[in-house]
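> could you work out the structure for the sequence below:
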Amino acid sequence: MFIQRPVYLRKIEPFIDKAVVKIVTGVRRCGKSVLMLQVMDLLKSQGVEDGRIVLMNFDTFETGERPDASEVYQALKARSRAAGARIYVFLDEIQELRGWEKLVNSCITELDVDVYLTGSNSKMLSREYASMLTGRYVTINVYPFSFSETLAMRQLHGQETTRQEAFNGYLLYGGMPFVCQLDDGHSKLQYLRDVAEAIISKDITERYKVRDLDLLKRTVAFLMSTIGNMSSANNIANYFRAQGRAVSWETVSNYVEYLKTACLFLPAAQIDVSGKAILRASEKLYLTDHGFREAIYGKNLTNASQVLENIVYLELLRHEYQVNIGRVGRQEVDFVAKRDGRVLYVQVCYLLASDEIAQRELRPLQQIKDNYPKLILSLDPIDLSRDGIQHLSIIDFLAEDYAARQH
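Modelled structure (predicted):
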């Protein structure tokens with residue numbers, strides 16, 4: 001049993017039957033394939049017959065081992081002729097098909113088709129392909145379950161718990177859809193390790209012919225340990241050199257780019273809040289699901305502040321905010337989130353346990369002189385709002401989809 005994912009269905013639905021390719025991207029096993037099945041169900045509810053819907057998964061042997069793109073095109077051409085009407089084509093994990101760009105372009109220019117693609121590669125749209133399609137595509141980024149989605153999954157499976165108990169599990173194990181169906185912690189961590197290994201081996205090592213697998217894995221562990229810190233290829237390389245490991249800046253830079261392309265890590269650049277300019281080459285990298293951190297590096301509970309920041313970052317991305325790290329003078333604002341011409345400033349803290357901590361979190365927001373909403377999120381159970389700055393419980397912020405309602 002799977003929950004509906006209306007956040008993503010609403011993004012796709014306006015483009016159904018429009019002359020654009022729908023490209024759904026996200027980390028391996030985050031729910032892209034199930035989302036495509038839900039789009040297919042939506043089409044059937046609108047009267048589209050089963051014979052006009054075609055699903056091909058290129059990450060299985062169902063379509064043959066490494067099929068030829070021209071053979072796939074001929075098969076789709078035959079289905080289109082047999083249907084005598086528009087067909088709806090779903091090509092799952094399309095990056096596994098060599099020559100898929102030409103296949104898709106041929107379909108949309110020569111056949112009456114509505115095309116949907118999924119892929120575990122954030123740079124599926126190469127410069128050449130983007131030029132070939134000349135604007136005839138739309139990208140939908142899919143992420144693992146939000147906290148509110150994990151609550152819906154618990155309800156669907158009859159798991160009665162309090163919000164706090166559910167959040168404790170979410171903080172530790174994250175929101176990968178299959179994890180939410182497992183009962184014990186050992187199984188959850190084993191599954192997350194296996195998925196991470198598949199990402200590292202298949203989506204990175206094989207695809208980019210990585211020679212130093214040990215260094216790649218060490219880079220992953222380093223980035224997991226430093227979530228919420230500014231990072232660059234230079235400081236990562238310097239760290240390894242200090243450990244006695246000879247490594248070049250170029251190699252580390254390539255590995256970081258591969259990790260981002262595989263959707264395992266997501267970047268947030270730093271901007272000056274007053275001037276809105278991007279400040280420097282370094283950036284913060286967040287995991288696409290913090291459960292991977294517990295499975296590989298551990299310490300999600302020990303370093304809860306870092307994990308909470310990661311959770312809030314992903315929540316803002318889910319609701320189509322452009323998210324940056326803010327700088328106000330020498331002060332840092334955790335997130336400057338922009339959407340539809342509006343801005344939301346967010347500070348994330350574990351607990352506002354003392355007046356000193358509260359002042360430290362408030363100070364950057366107090367220096368921002370515009371009238372856009374300013375939030376402090378923490379695990380404190382009481383409302384500590386002050387000076388026009390709203391304080392919310394992180395659990396309530398997530399469970400009640402606060403970010404989705406800020407239009």
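> could you report the neighbour count for the closest residue to R136 other than its chain neighbours?
For R136, ignoring the flanking residues on the chain, the nearest one in space by Cβ to Cβ, 6 or more residues apart in numbering is V20 at 5.2 Å. To be clear about C-beta, it is placed using only N, CA and C from the backbone, and glycine gets the same treatment. Neighbour count of V20, defined by other Cβ atoms under 10 Å: 14.
> for V20, give its distance to L133.
Applying Cβ to Cβ, to the nearest Å, the value for V20 to L133 is 8 Å.
> what segments of the chain are strands?
21-25, 53-57, 87-92, 113-119, 137-141, 230-231, 265-272, 278-287, 322-328, 331-339, 342-348, 374-378, 390-393 (DSSP state E).
> so for S80, which of the ones you listed sits nearest?
Closest to S80 of the strands of the chain, according to Cβ to Cβ: strand 87-92, at 5.2 Å.
> now the closest one - C-alpha only, PDB.
C-alpha atoms of strand 87-92 as PDB (Å, rounded to 0.1, in the frame of the first residue of the first chain):
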ATOM      1  CA  ILE A  87      -0.500   7.100 -26.300                       C
ATOM      2  CA  TYR A  88       1.100   7.900 -22.900                       C
ATOM      3  CA  VAL A  89       4.600   6.700 -22.600                       C
ATOM      4  CA  PHE A  90       6.400   6.200 -19.200                       C
ATOM      5  CA  LEU A  91      10.100   5.500 -19.400                       C
ATOM      6  CA  ASP A  92      11.500   4.600 -16.000                       C
END
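> what pairs with that strand, parallel or antiparallel?
In the sheet, strand 87-92 lines up against strand 53-57 (parallel), strand 113-119 (parallel) (DSSP bridges).
> burial-wise, tell me which of these comes out on top.
Among those, strand 113-119 has the highest mean neighbour count (mean count of other Cβ atoms under 10 Å), at a mean of 24.
> centre of the chain to that one, how far?
Counting by Cα atoms, centre = their mean, to the nearest Å, strand 113-119 is centred 19 Å from the centre of its parent chain.
> picking that back up, distance to A196 and mean pLDDT added to the strands of the chain, as JSON lines?
Output for those, formatted as JSON lines (distance: least, Cβ to Cβ, whole Å; pLDDT from 0 to 100):
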{"stretch": "strand 21-25", "distance to A196": "18", "mean pLDDT": "94"}
{"stretch": "strand 53-57", "distance to A196": "21", "mean pLDDT": "96"}
{"stretch": "strand 87-92", "distance to A196": "21", "mean pLDDT": "97"}
{"stretch": "strand 113-119", "distance to A196": "18", "mean pLDDT": "96"}
{"stretch": "strand 137-141", "distance to A196": "19", "mean pLDDT": "93"}
{"stretch": "strand 230-231", "distance to A196": "19", "mean pLDDT": "90"}
{"stretch": "strand 265-272", "distance to A196": "12", "mean pLDDT": "94"}
{"stretch": "strand 278-287", "distance to A196": "10", "mean pLDDT": "81"}
{"stretch": "strand 322-328", "distance to A196": "23", "mean pLDDT": "95"}
{"stretch": "strand 331-339", "distance to A196": "25", "mean pLDDT": "96"}
{"stretch": "strand 342-348", "distance to A196": "24", "mean pLDDT": "96"}
{"stretch": "strand 374-378", "distance to A196": "27", "mean pLDDT": "97"}
{"stretch": "strand 390-393", "distance to A196": "30", "mean pLDDT": "96"}
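> how about those strands in a markdown table, adding distance to V220?
Shown next, in a markdown table, are the strands of the chain (distance: least, Cβ to Cβ, whole Å):
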| stretch | distance to V220 |
| --- | --- |
| strand 21-25 | 20 |
| strand 53-57 | 27 |
| strand 87-92 | 26 |
| strand 113-119 | 21 |
| strand 137-141 | 21 |
| strand 230-231 | 13 |
| strand 265-272 | 8 |
| strand 278-287 | 10 |
| strand 322-328 | 21 |
| strand 331-339 | 23 |
| strand 342-348 | 23 |
| strand 374-378 | 27 |
| strand 390-393 | 32 |
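> closest one to R211 among the ones you listed?
It is, among these and with distance given as Cβ to Cβ, strand 265-272, at 20.6 Å.
> and stretch 367-377, which residues are buried?
I368, K374, L375, I376, L377 (16 or more other Cβ atoms under 10 Å).
> nearest to L215, of those?
Checking those against L215 by Cβ to Cβ gives L377 as the nearest, at 35.7 Å.
> surely the closest one meets D396?
No: using Cβ atoms under 8 Å, L377 is not in contact with D396; the gap is 9.2 Å.
> okay if I get the strands paired with strand 87-92 as TSV plus distance to L314?
As requested, these are arranged in TSV below (distance: least, Cβ to Cβ, whole Å):
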stretch	distance to L314
strand 53-57	26
strand 113-119	19
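> just give me the neighbour total for D289.
28.
> meant to ask about D340, not that
What D340 shows, counting by other Cβ under 10 Å, is a neighbour count of 8.
> quick one: it from N324, how far?
From D340 across to N324, the span is 16 Å (Cβ to Cβ).
> one more: Q367?
Per Cβ to Cβ, Q367 is found 17 Å from N324.
> equivalent analysis for S305, please.
Using Cβ to Cβ, S305 is found at 20 Å from N324.
> ok, the residue nearest the centre of the chain - contacts?
Closest to where the C-alpha atoms of the chain average out (Cα atoms, centre = their mean) is Y143, at 3.9 Å. Contact analysis of Y143 by Cβ atoms under 8 Å, 6 or more residues apart in numbering lists G26, V27, C30, G175, T288, D289, L314, L317, R318.
> just those residues now: which is nearest I204?
Closest to I204, out of all of the contacts of Y143 and judged by Cβ to Cβ, is V27, at 11.8 Å.
> isn't that closest one up against N121?
No: applying Cβ under 8 Å, one finds V27 not in contact with N121, separated by 9.9 Å.
> give me the common contacts of those two.
Counting by Cβ under 8 Å, 6+ apart, the residues touching both V27 and N121 are A262, C263.
> these two - which one has more neighbours?
Ranked by neighbour count (other Cβ under 10 Å), V27 and N121 place V27 first, with 27 against 19.
> if anything else comes up later, I'll come back, but that's it for now.
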